[in-house]
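# sequence first, then the predicted structure:
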Amino acid sequence: MKRIILIIMSLCLMLSFVGCSGSADNVGAGVSNEKSDPEYFEECDFLPTPDSVIKGVDSKGHMKSSTNGVTTKIEYSYGTSGDISEKYSEYLAYLESSGITVQNISDSECSVISDSMKVASVTISGSSMEMNIIPEDFRVATVVKNLETGSSETLDFAQFTFNTIEISKEMYPEDASGVCLYYSETEGSTYVTLRGRVKNLAADNLDSRYINAVLTINDKYTYTAEVIFGANPASITDYAITPFEESPLYIVFTVPNDAVSVMNDGLITVQFNENFGQAVGEYEYTYNFVVPC
């Protein structure tokens, strides 16, 4: 009886080894056929990667990173020995021909929109192309527009007019009587100012502290702005406009003279959220203005 039991146990053990060996072979086959970047397809499976559709663009891998300490993005970088700007244009043309909505931010950056939400951005820098995928939990409905000075924009919570873009050595407010905010001439610097007006259409006070504004010169140099409501604010850090109040709007960049002197093209990008709230991911509204050179 013991001999029979031993024989049965030996057979079971042999079968278990065979089963494990077959399983290992299957796992190896699965890994070799697995998509190289599985996390990408979980987040944005309808969007092809550049290396999958454009010849001469090679994947350099991917990584996760934190944006503003809140939003997690999955990033892919691509490199090629050819002109990356041509590959970038080719990729965007492919997306558009496939029915995917692409909104240009600049010559080197665009947003991919799906169901009125920004789901990814594509940028180029140097010899690399980079894709930033926005996780589903952080996607918001977005508005991206290229505007000209003299235009108006009405939203549920505010109404804007964007009047002029000025390049000057000094910056005075609309009303310079009495105590006023004034930017005096500073050695080595020039002011680039987007002037307009804003009217509060919300039920609560609105302030400018979370409005983001960036000036990009020659698609290379970037400068941030002070965004100010009010002709003569008592404090530029906490001044707010009340419901239905209309106020001057100043978006002021302090730029080195050397950067202004080499400016062949300039772009002002203004971004904010509903009710000018703090960003917890992507901005809901983006407006672009070309700076006259």
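Good, I have the coordinates.
# which residue ranges of the stretch 51-200 of the chain form helices?
Along the stretch 51-200 of the chain, counting by DSSP state H, counting those that start in this stretch, helices occupy 84-97.
# can you list the low-confidence ranges for it?
For the stretch 51-200 of the chain, the stretches flagged by pLDDT under 70 are 61-76, 79-82, 178-179.
# what ranges do the strands span in it?
58-67, 71-79, 101-106, 109-114, 117-125, 128-133, 143-147, 151-154, 158-168, 189-200 (DSSP state E, counting those that start in this stretch).
# and those as a markdown table, adding distance to residue 267 and mean neighbour count?
Every residue, glycine included, has its C-beta placed from N, CA and C. Shown next, in a markdown table, are those (distance: least, CB to CB, whole Å; neighbours: other CB atoms under 10 Å):
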| stretch | distance to residue 267 | mean neighbour count |
| --- | --- | --- |
| strand 58-67 | 21 | 12 |
| strand 71-79 | 23 | 18 |
| strand 101-106 | 6 | 16 |
| strand 109-114 | 10 | 20 |
| strand 117-125 | 14 | 20 |
| strand 128-133 | 19 | 21 |
| strand 143-147 | 9 | 15 |
| strand 151-154 | 16 | 14 |
| strand 158-168 | 11 | 17 |
| strand 189-200 | 11 | 20 |
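# which one of those strands lies closest to residue 225?
strand 189-200 (8.0 Å; CB to CB).
# and the angle for the closest one with strand 158-168?
160 degrees (axes from the mean of the first three to the mean of the last three CA atoms, to 10 degrees).
# one step back: okay if I get the strands of the stretch 51-200 of the chain as TSV plus distance to residue 221?
Shown next, in TSV, are the strands of the stretch 51-200 of the chain (distance: least, CB to CB, whole Å):
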stretch	distance to residue 221
strand 58-67	22
strand 71-79	22
strand 101-106	13
strand 109-114	15
strand 117-125	13
strand 128-133	19
strand 143-147	20
strand 151-154	26
strand 158-168	15
strand 189-200	12
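# elements contacting the helix or strand encompassing residue 286?
Element membership for residue 286 (DSSP states H and E) is strand 285-291. For strand 285-291, the elements it packs on are strand 101-106, strand 143-147, strand 158-168, strand 266-272, judged by 3 or more CB pairs under 8 Å, 6 or more residues apart in numbering; DSSP states H and E.
# one more pass at 6 Å, please.
Strand 285-291 is packed against strand 143-147, strand 266-272, with contacts defined by 3 or more CB pairs under 6 Å, 6 or more residues apart in numbering; DSSP states H and E.
# in JSON lines, list the ones you listed along with distance to residue 248.
Converted to JSON lines, the helices and strands packed on strand 285-291 look like this (distance: least, CB to CB, whole Å):
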{"stretch": "strand 143-147", "distance to residue 248": "18"}
{"stretch": "strand 266-272", "distance to residue 248": "15"}
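# nearest approach to residue 185 belongs to which of the ones you listed?
Nearest to residue 185, of all the helices and strands packed on strand 285-291, is strand 266-272, at 20.7 Å by CB to CB.
# state the mean pLDDT of that closest one.
Averaged across strand 266-272, pLDDT comes to 94.
# give me the buried positions along the host helix or strand of residue 213.
Per DSSP H and E: residue 213 is located in strand 212-217. Under the neighbour-count criterion of 16 or more other CB atoms under 10 Å, strand 212-217 has 213, 215-217 buried.
# measure residue 293 to residue 104 for me?
When distance is defined by CB to CB, to the nearest Å, residue 293 is 19 Å away from residue 104.
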